[in-house]
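Engineer: Below are the sequence and a predicted model for it; my questions follow.
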Amino acid sequence: MLSIKRIYEKKSPDDGIRIYVDRLWPRGLTKTQAAMDEWLKDISPSVDLRKWFGHQPEKFPEFKQRYMSEMLNPGFSEKLKYIADLAQKQKVTLLYSAKNEQYNNAVVVAGLINSIMKKTKTGKNKSEKIRDRFGSHKLSDKTIGQ
């Protein structure tokens with residue numbers, strides 16, 4: 001199970017493993033107050049992208065697209081898969097420090113992780129799902145010639 005939460009909110013037993021996904025340390029919080037289990041700053045947006053976005057809601061669609069492009073590199077995908085694997089076994093909460101709960105990088109990360117979990121849950125690509133649904137019927141030479 002996967003959720004997102006602002007790091008400034010109090011830790012809850014329901015949080016499970018708490019993973020901070022921002023590049024910068026949250027202002028005004030001590031290590032104890034942050035109460036994170038891991039800090040994966042490597043999967044946060046690049047400095048240039050973060051500064052360009054500036055948490056402006058109107059820029060979010062393009063931010064999301066650019067950020068997803070950044071996440072195509074192998075280092076990102078390994079870490080996303082790591083989080084997805086954890087979230088399939090236990091509760092994981094992605095932590096972020098932005099004020100806006102709808103327009104931040106954790107929303108994008110959570111969306112990708114949920115996609116990974118759906119794909120690994122079925123473990124099948126689209127053609128395998130079609131074959132399972134409709135069966136694997138081989139045509140004989142007689143069927144083709146008729």
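Structural biologist: On my side now, so go ahead.

Engineer: How about the contacts made by the residue nearest to residue 98 when sequence neighbours are not counted?
Structural biologist: Closest residue to residue 98 apart from its sequence neighbours, by Cβ to Cβ, 6 or more residues apart in numbering: residue 104 at 3.8 Å. No exception for glycine: its C-beta is placed from N, CA and C like everyone else's. Contact analysis of residue 104 by Cβ atoms under 8 Å, 6 or more residues apart in numbering lists 55, 96, 98.

Engineer: Model confidence for residue 104, exactly?
Structural biologist: Looking at residue 104, its pLDDT reads 96.

Engineer: same question, residue 43
Structural biologist: The model reports residue 43 with a pLDDT of 93.

Engineer: ditto for residue 67
Structural biologist: 96.

Engineer: on that earlier part again, which among the contacts of residue 104 count as buried?
Structural biologist: 96, 98 (16 or more other Cβ atoms under 10 Å).

Engineer: Kindly reformat the contacts of residue 104 as CSV containing secondary structure, distance to residue 77 and pLDDT.
Structural biologist: Output for those, formatted as CSV (DSSP: H, G, I helix; E, B strand; the rest coil; distance: Cβ to Cβ, whole Å; pLDDT from 0 to 100):
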residue, secondary structure, distance to residue 77, pLDDT
55, coil, 25, 92
96, strand, 20, 97
98, coil, 23, 95
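
Engineer: Just name the closest of the contacts of residue 104 to residue 111, please.
Structural biologist: residue 96 (13.3 Å; Cβ to Cβ).
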